[in-house]
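Participant: here's a sequence, model it:
(one chain, ligands or ions: 1)
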Amino acid sequence: MNAATGSDDPRDYLVDQGFENYTPTDHATWRTLAKRQREILQGRVVDAFLEGLDRLGIGEEGIPDFRVMNQRLRAATDWEVVAVPGLIPDLAFFRLLADRKFPAGFWIRKPEQIDYIEEPDVFHDVFGHVPLIMQPLYADYLEAYGKAGLVAAEKGALKRLARLYWYTVEFGLAQTPQGLRIVGAGIASSPSETVFALESPSPNRVAFDLARVMRTLYRIDDFQETYFVLDGVEAWPSLDLDRLILLWQELEAEADIEPGDLQPVDKVLTKGDGSYHRTKPKSAA
Ligand SMILES: [Fe+2]
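Facilitator: Residues are numbered from 1 along each chain as shown. Predicted structure coming up:
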């Protein structure tokens with residue numbers, strides 16, 4: 001999600017990708033990241049993600065040209081990727097999603113930042129987020145999310161929307177016939193979290209529940225203490241606006257839930273042993 005402040009008009013942030021300005025080092029950084037991530041994602045990410053990479057031509061050759069990628073994206077789901085310089089304010093972000101436009105940072109990390117960046121770059125935003133936008137149901141979910149965000153801003157429910165995005169679009173897992181798989185871009189663009197999210201004994205893995213997720217704080221600076229698991233690759237939550245407004249009203253009486261805490265009503269798929277976070281300082285949004 002986005003922490004930036006400023007104009008709510010998305011047009012104030014849109015820039016040209018500047019594809020011709022990437023250096024050989026930039027493309028080499030992409031190749032290093034994409035090669036490593038494609039290998040580690042085999043058998044761990046949902047098949048639709050790998051299909052999306054192939055169909056979009058997001059490969060290991062170098063940073064994709066948005067103009068080429070967008071022809072394929074528009075044909076599949078009528079979405080497009082637009083370049084922005086960095087994080088943008090919530091309302092501008094929601095307006096873009098509601099208009100089926102996904103904002104992506106155009107810059108790429110430096111070679112010395114290969115494993116850690118503070119703000120999302122083109123590798124996270126494009127490699128991590130765009131493949132699933134080739135799937136019609138996911139594409140519709142993202143648009144509905146943008147529309148819900150605009151209403152949430154009026155109703156004082158932005159933190160609920162931020163948590164939903166975090167635990168689905170960024171850090172979601174899904175149950176599939178082949179087993180547990182990654183759907184979230186924050187996991188799918190990180191080699192260490194790809195393994196941690198699925199295989200570490202430390203985090204909880206809990207069946208997705210919309211109200212539960214909207215009450216749950218999250219860690220912004222480290223692996224998650226709890227991952228929420230969708231009941232299928234296409235089981236994106238319905239975001240009916242009337243229902244959401246009622247839910248937000250109901251949740252005002254409910255306390256927030258700490259990132260690693262379980263609730264009596266949770267359908268727990270894996271109860272984490274907390275071994276990873278036990279020695280870490282608490283920090284949650
Ligand atoms: Fe992201």
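Participant: hey, where'd the helices end up in the stretch 1-150 of the chain?
Facilitator: 24-41, 47-56, 66-77, 90-98, 122, 129, 136-155 (DSSP state H, counting those that start in this stretch).
Participant: next, the angle helix 24-41 makes with the second one.
Facilitator: In terms of direction (axes from the mean of the first three to the mean of the last three CA atoms, to 10 degrees), helix 47-56 departs from helix 24-41 by 150 degrees.
Participant: helix 47-56 vs helix 66-77, what angle?
Facilitator: Relative orientation of helix 47-56 versus helix 66-77 (the same axes, to 10 degrees): 130 degrees.
Participant: who does helix 47-56 touch, helix- and strand-wise?
Facilitator: When contacts are defined as 3 or more CB pairs under 8 Å, 6 or more residues apart in numbering; DSSP states H and E, helix 47-56 sits against helix 24-41, helix 66-77. C-beta here means a position set from N, CA and C on the backbone, and glycine is covered the same way.
Participant: so for Gln113, which of these sits nearest?
Facilitator: With CB to CB as the criterion, Gln113 lies closest to helix 24-41 of the helices and strands packed on helix 47-56, at 8.8 Å.
Participant: contacting residues for Glu225?
Facilitator: Residues in contact with Glu225 (CB atoms under 8 Å, 6 or more residues apart in numbering) are 202-204, 219, 259-260, 272, 274, 277.
Participant: of these, which is the nearest to Tyr116?
Facilitator: Arg219 (14.9 Å).
Participant: from Ala185, how far out is the closest one?
Facilitator: Arg219 sits at a distance of 16 Å from Ala185 (criterion: CB to CB, to the nearest Å).
Participant: where exactly do the helices run in the stretch 151-285 of the chain?
Facilitator: Along the stretch 151-285 of the chain, counting by DSSP H, counting those that start in this stretch, helices occupy 158-165, 185-188, 191-199, 210-214, 241-251.
Participant: can you redo those as TSV with distance to Phe93 and mean pLDDT?
Facilitator: Compiled in TSV, the helices of the stretch 151-285 of the chain are given as follows (distance: least, CB to CB, whole Å; pLDDT from 0 to 100):
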stretch	distance to Phe93	mean pLDDT
helix 158-165	10	97
helix 185-188	14	97
helix 191-199	23	97
helix 210-214	18	98
helix 241-251	18	97
